[in-house]
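S.K.: quick one, what's the 3D model for this:
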Amino acid sequence: MLNTLKQVNSKKIKILLSFLVSGIFSYFAFRGVEFGKVIEIIQRARPLYIAAIVAAIIFAQILRSLRWGVLLQPIEPLSQRLLFPLTSIGFMLIVLLPARLGEIARPYLLQQNTRISF
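M.R.: Numbers count the residues shown, from 1 in each chain. Below is the predicted model of the structure:
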């Protein structure tokens with residue numbers, strides 16, 4: 001029972017810390033941004049261009065995931081159903097964290113979800 005209570009408290013602390021870190025990064029990312037101008041620019045954007053950019057980003061992410069699958073094939077064959085979310089989370093963290101610290105996330109997540117260890 002005590003172990004379960006410690007696990008629950010540990011999870012709550014992790015969640016609280018993740019919100020705190022997100023809040024700090026959001027503050028630094030958006031300080032000084034004039035949201036009125038941002039909304040104005042978004043309203044002038046052409047929907048077809050936005051759709052094309054979103055499609056290109058999704059396609060690039062699929063290619064990243066497929067490439068990672070090919071690289072990991074000799075170690076252990078893995079499905080794209082597993083690799084795509086891990087690749088996406090890793091890439092998101094590469095973009096959000098400084099010094100490409102997100103590169104650590106993909107191997108870590110892979111190790112947590114498969115028998116592959118690094």
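
S.K.: CA atoms for contacts and neighbours, from now on please.
M.R.: OK.

S.K.: could you pull up the mean pLDDT of the longest helix seen in the chain?
M.R.: If you go by DSSP state H, the chain has its longest helix at helix 2-30. The average pLDDT within helix 2-30 is 79.

S.K.: for the chain, which spans come out with low pLDDT?
M.R.: Where the chain drops to pLDDT under 70, the residues are 1-8.

S.K.: now do the contacts for the residue nearest to the spatial centre of it.
M.R.: Note on the chain: the residue nearest the mean C-alpha position is I89, at 2.5 Å, using Cα atoms, centre = their mean. By Cα atoms under 8 Å, 6 or more residues apart in numbering, the contact list for I89 reads 105-106.

S.K.: mind listing the helices in the chain by residue range?
M.R.: Counting by DSSP H, the chain has these helices, from start to end: 2-30, 35-44, 47-72, 80-96, 105-113.

S.K.: and the angle for the third one with helix 35-44?
M.R.: Put simply, helix 47-72 runs at 90 degrees to helix 35-44, going by axes from the mean of the first three to the mean of the last three Cα atoms, to 10 degrees.

S.K.: re earlier: run the chain-centre distance for the longest helix of the chain.
M.R.: Centroid displacement of helix 2-30 relative to its chain, using Cα atoms, centre = their mean, to the nearest Å, is 16 Å.

S.K.: what about E103, how many neighbours?
M.R.: 17 (other Cα atoms under 10 Å).

S.K.: and it, what is it in contact with?
M.R.: Shown in contact with E103 (Cα under 8 Å, 6+ apart): 90-91, 93-94.

S.K.: of those, just say which sits nearest to F35.
M.R.: Among the contacts of E103, L93 lies closest to F35 (Cα to Cα), at 24.1 Å.

S.K.: any idea how far the spatially closest residue to that closest one that is not a sequence neighbour lies from A55?
M.R.: Closest residue to L93 apart from its sequence neighbours, by Cα to Cα, 6 or more residues apart in numbering: G102 at 4.4 Å. Separation of G102 from A55 (Cα to Cα, to the nearest Å): 23 Å.
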